[in-house]
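Participant: Need a 3D model of the sequence below.
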Amino acid sequence: MHARTHERVGEEVYGGESDVLVMKLDGYHLAVEGEEGVPEGTLAVPRDVLEDTSVRNPPSLQEVLLAKADRAAQLLEMGA
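Facilitator: Prediction:
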């Protein structure tokens, strides 16, 4: 995820209290960090993670779920 988008979403959802967002993609929880090289509006997912999902045409994927702050903390503790 682009760094500015990551920062904005983190502020809106987690009040800026976390450097990592936790998203759910097809039942798989991902710890998402911001990076300048990722295009705006894009979630870059490692190929090995993507292969574990049922997503077969990633460029057409339109949405992911974002964990609430308390749930994100639990998932990060469990190694999301």
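Participant: From here on, just use CA atoms for contacts and neighbour counts.
Facilitator: Fine.
Participant: give the contact list for Pro39.
Facilitator: Met1, His2 (Cα atoms under 8 Å, 6 or more residues apart in numbering).
Participant: meant to ask about Arg4
Facilitator: Per Cα under 8 Å, 6+ apart, neighbours of Arg4: Gly34, Glu36.
Participant: so where do the strands sit in this structure?
Facilitator: 21-25, 28-32, 65-66 (DSSP state E).
Participant: and the shortest one, which strands flank it?
Facilitator: What it means is strand 65-66. strand 21-25 (antiparallel) (DSSP bridges).
Participant: do the second one as well
Facilitator: Take DSSP bridges as the rule and strand 28-32 pairs in its sheet with strand 21-25 (antiparallel).
Participant: Which positions in the strand it pairs with come out as buried?
Facilitator: Neighbour-count burial for strand 21-25 flags Leu21, Val22, Met23, Leu25 (criterion: 16 or more other Cα atoms under 10 Å).
Participant: any residues touching it, and which ones?
Facilitator: Taking Cα under 8 Å, 6+ apart as the rule, strand 21-25 contacts 6, 10, 29-33, 53, 64-67, 72, 75-76, 80.
Participant: Just the buried subset of the residues you listed, written out for ChimeraX, thanks.
Facilitator: Selection of buried members from those for ChimeraX, criterion 16+ other Cα under 10 Å:
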select :6,10,29,30,32,33,66,67,72,75,80
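Participant: which stretches of the protein have low pLDDT?
Facilitator: 58-62, 80 (pLDDT under 70).
Participant: In it, which helix is the longest?
Facilitator: Looking across the chain with DSSP state H, the single longest helix is helix 3-14.
Participant: picking that back up, can I get the strands of the chain in JSON lines including distance to Pro39?
Facilitator: Shown next, in JSON lines, are those (distance: least, Cα to Cα, whole Å):
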{"stretch": "strand 21-25", "distance to Pro39": "17"}
{"stretch": "strand 28-32", "distance to Pro39": "14"}
{"stretch": "strand 65-66", "distance to Pro39": "19"}
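Participant: No further queries at this time; thank you.
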